[in-house]
Structures are given as C-alpha cells and as structure tokens.
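Q: Provide a 3D model corresponding to the input given below.
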Amino acid sequence: MTTLNRQIVLASRPQGEATAANFRLQEVPVPELQEGQVCVRHHYLSLDPYMRGRMNESKSYAQPQPLDEVMIGGTVGEVVASRHPKFSVGDAVVGMGGWQEYSVVDATIPGMLRKVDTRQIPISHYLGAVGMPGVTAWYGLVKIIAPQAGETVTVSAASGAVGSAYGALAKARGCRVVGIAGGAEKCDYVVRELGFDACIDYRAHADYLSLAKALKQACPNGIDGHFENVGGMVLDAVMLRTNAFARIAMCGMIAGYDGAPLPMANPALILVNRMKIEGFIVSEHMAVWPEALQELGGLVASGKLRPRETIAQGLASAPEAFLGLLKGRNFGKQLVKLI
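A: A predicted model of the protein is given here:
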C-alpha cells in the first residue's frame with residue numbers, strides 16, 4: 001500500500017505582506033527508498049522568520065524558495081524505513097525535511113540527518129533551544145559579541161527561541177542581560193522564567209527615542225553588546241545607548257521582511273562609538289555547532305534554560321501559524337505538530 005505524503009509548497013511570491021494564498025497543500029506518494037536513503041516521519045516542523053525572506057525573489061544570502069516546491073524548514077522525527085547502515089527504524093533524527101509529513105533523505109550526504117537523544121531533552125527542543133536557533137544565539141554571543149563578565153548585553157525578540165537561549169548563555173557568562181519583547185506577558189516571562197535582569201516592552205513606546213529612554217533606565221552602564229533580530233525602531237533605540245566599542249550581532253531584520261527599506265536613524269553612531277556590527281548566517285559556521293549544542297543541551301537538561309513553545313496542530317495550520325509568527329503572535333519557539 002502506497003503511503004501518501006501531505007506537503008505545503010510555495011504557490012506564489014508575496015506582493016508586500018505574505019498571505020495564506022501564497023501557499024498550497026498537496027498530496028503525493030512517498031517514493032520507494034533507494035540505496036543509502038532513509039524515510040523520516042516528521043513529528044514537528046519548525047517555523048522561523050528567515051523563511052519569509054526566502055519567499056522573495058530578491059537578492060539575499062540564500063537562493064529564493066523555488067515556486068511549486070516544498071517549503072524549506074527544519075524538522076524532527078523518527079526513521080520509519082532505512083537503506084543506510086547508520087540509521088535504523090525508530091531512530092530520532094533532526095534535519096531539513098521541509099513543510100511535509102514525510103521526507104526521503106539521502107543519508108550518504110554528510111549533515112543531512114543527525115541522530116538526537118530524547119532521554120533528557122524533548123525532541124521538539126532540537127528545533128529550538130538545542131537546535132539552529134540556540135546555535136544562532138551562541139554564535140552571535142560567543143563569537144561576535146564575546147562579552148566579559150559584568151558587561152551589559154541586550155537582545156530583541158527576547159522571549160523567542162533565539163532570545164531565550166541568548167539570555168541563558170549570557171547569564172552563564174556573568175553578564176547583565178536586558179531583553180526587548182512585545183507585550184507585558186512576554187516581558188514577565190523573560191524576567192521570571194528566563195532569568196533576565198530586565199525586559200522592555202517595545203509596544204509601550206511610540207518611537208525609538210522613548211524606547212531609548214527606557215533602555216537607559218534598564219542599562220544604567222550603557223550597552224556593551226546587542227543581538228539584533230528585529231531592526232527598525234528597536235535597533236535605533238539600542239544604538240543610542242551603546243558604549244564605545246560596542247558589538248552588535250546582526251541576525252534578523254524581521255521589521256523589514258515585507259520588502260520595505262529599513263532606514264537607520266543615526267548611522268554616525270557607528271563611527272562615534274567605534275562599533276563593530278557584524279551580520280552572520282549560522283549555517284556558514286558548522287564547525288562550532290558541536291561545542292554550542294553541548295553547552296545548550298546542558299543548560300536545558302539542568303533547567304537553567306526553560307524554553308517555551310507555541311505549537312500549531314497539523315500541517316494545514318502551518319501557513320497561518322507562520323503568518324502569526326511574523327506578527328509576533330507566537331510565544332517562544334513556533335512549531336507545528338505533525339503527528
């Protein structure tokens with residue numbers, strides 16, 4: 001009996017804001033395995049802001065998502081059939097299976113699938129705190145910001161998968177950690193559950209000058225390092241409060257993912273404060289992943305990092321959940337449960 005695989009493909013490119021009409025749900029048979037291949041039944045699908053940029057055809061750090069092909073995305077699941085000696089039925093694995101219920105993977109290609117241990121860490125966390133978002137936080141903090149104990153560091157989207165990991169990693173290094181998030185509930189979680197020293201609700205501020213004033217109160221000694229996920233008003237406010245020789249890790253610019261330019265209010269501050277601003281893509285730094293994942297796994301297993309998840313049910317819910325993510329409606333890591 002042929003197993004049917006439900007998939008979501010990119011049906012059209014957004015004109016401005018993305019909508020559910022840009023996606024299409026389809027069913028195709030799962031192909032027969034060839035030598036060296038593995039069939040994975042996905043348990044969870046990761047939804048991440050970078051996917052919005054890939055939907056555009058404009059120049060970016062990665063090739064655009066092709067039309068009429070399965071949307072890119074990280075997945076965790078279980079091997080249900082294998083023709084590769086290193087993978088057995090029942091193995092828990094993480095990979096880039098995309099927006100679909102099954103994937104057939106050429107396991108002979110290094111890095112396509114990685115086995116994970118679910119005895120102390122829930123399988124879903126391998127898409128968040130102990131996965132790509134966690135490593136993203138680790139690289140930006142450790143390799144770009146490189147904080148010293150006692151320094152003040154900040155992060156936008158503090159309650160999300162990247163921000164929560166960043167906070168735990170920074171506190172472990174003796175930093176004062178201040179988050180920026182959208183809404184009082186998220187800010188409360190960032191302080192009470194994640195252990196940040198303070199968190200500012202950017203929605204309570206009409207402009208970057210007002211937000212910068214709140215940052216001055218939360219960061220009385222200025223800002224030494226910042227991890228940027230948002231851009232726009234948030235970045236402008238942070239730059240007003242930076243110290244000399246501050247470091248900014250540029251990871252995401254979600255405020256501009258709909259294609260509109262994001263002007264910078266005070267670019268002269270880069271010179272005045274002799275700032276280092278460095279953009280990075282975590283997939284270009286695979287050599288650090290083992291070290292980062294080991295530390296992140298230890299933080300989760302010990303309870304020092306308690307990541308929160310928002311879980312949508314079923315593949316068909318992925319488009320609306322993704323659009324909600326872009327609007328900040330999720331709380332913590334956004335996942336889709338597929339089983």
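Q: which stretches of the stretch 151-300 of the chain have low pLDDT?
A: Along the stretch 151-300 of the chain, segments meeting pLDDT under 70 span 257-259.
Q: Strands of that one, residue ranges please.
A: 152-156, 176-181, 198-201, 223-228, 242-250, 276-279 (DSSP state E, counting those that start in this stretch).
Q: which of the ones you listed sits most buried?
A: By mean neighbour count, with neighbours taken as mean count of other C-beta atoms under 10 Å, strand 152-156 ranks first of these at a mean of 30. In this view, the C-beta of every residue, glycine as well, is placed from N, C-alpha and C.
Q: quick one: strands adjacent to that one?
A: According to DSSP bridges, strand 152-156 forms sheet pairs with strand 176-181 (parallel), strand 223-228 (parallel).
Q: Compare the ones you listed and give me the one nearest residue 256.
A: Residue 256 lies closest, by C-beta to C-beta, to one member of those: strand 223-228, at 11.6 Å.
Q: Quick check: chain neighbours aside, which residue is closest to the spatially most central residue of the chain?
A: The chain has residue 133 as the residue nearest its centroid, 4.0 Å off, counting by C-alpha atoms, centre = their mean. Nearest non-adjacent residue to residue 133, counting by C-beta to C-beta, 6 or more residues apart in numbering: residue 161, 3.7 Å away.
Q: Contact partners for that neighbour?
A: Counting by C-beta atoms under 8 Å, 6 or more residues apart in numbering, residue 161 makes contact with 128-129, 133-134, 307, 332-334.
Q: If you tally nearby residues, what's the number for residue 72?
A: By the criterion of other C-beta atoms under 10 Å, residue 72 has 19 neighbours.
Q: what's the helix or strand for it?
A: Per DSSP states H and E: residue 72 is located in neither a helix nor a strand.
Q: Would you check that it makes contact with residue 97?
A: No - when contacts are counted by C-beta atoms under 8 Å, residue 72 is not listed as touching residue 97 (9.6 Å).
Q: SS state for residue 304?
A: Judged by DSSP: H, G, I helix; E, B strand; the rest coil, the three-state class of residue 304 is coil.
Q: Run a quick neighbour tally on it.
A: 14.
Q: Tell me how many other residues crowd residue 21.
A: Other residues within reach of residue 21, judged by other C-beta under 10 Å, total 10.
Q: that older thread, quick one, what contacts the residue nearest to the centre of the chain?
A: Taking C-beta under 8 Å, 6+ apart, we find residue 133 in contact with 48, 127, 160-162, 165, 333.
Q: Can you tell me how far the residue nearest to residue 133 is from residue 247?
A: With distances taken as C-beta to C-beta, to the nearest Å, residue 161 is found 22 Å from residue 247.
Q: now do residue 162
A: 17 Å.
Q: Please name the nearest non-neighbouring residue to residue 29.
A: residue 2 (4.7 Å).
Q: Find the nearest non-adjacent residue to residue 108, please.
A: If the residues on either side of it in the chain are set aside, residue 108 comes closest to residue 36, at 4.2 Å by C-beta to C-beta, 6+ apart.
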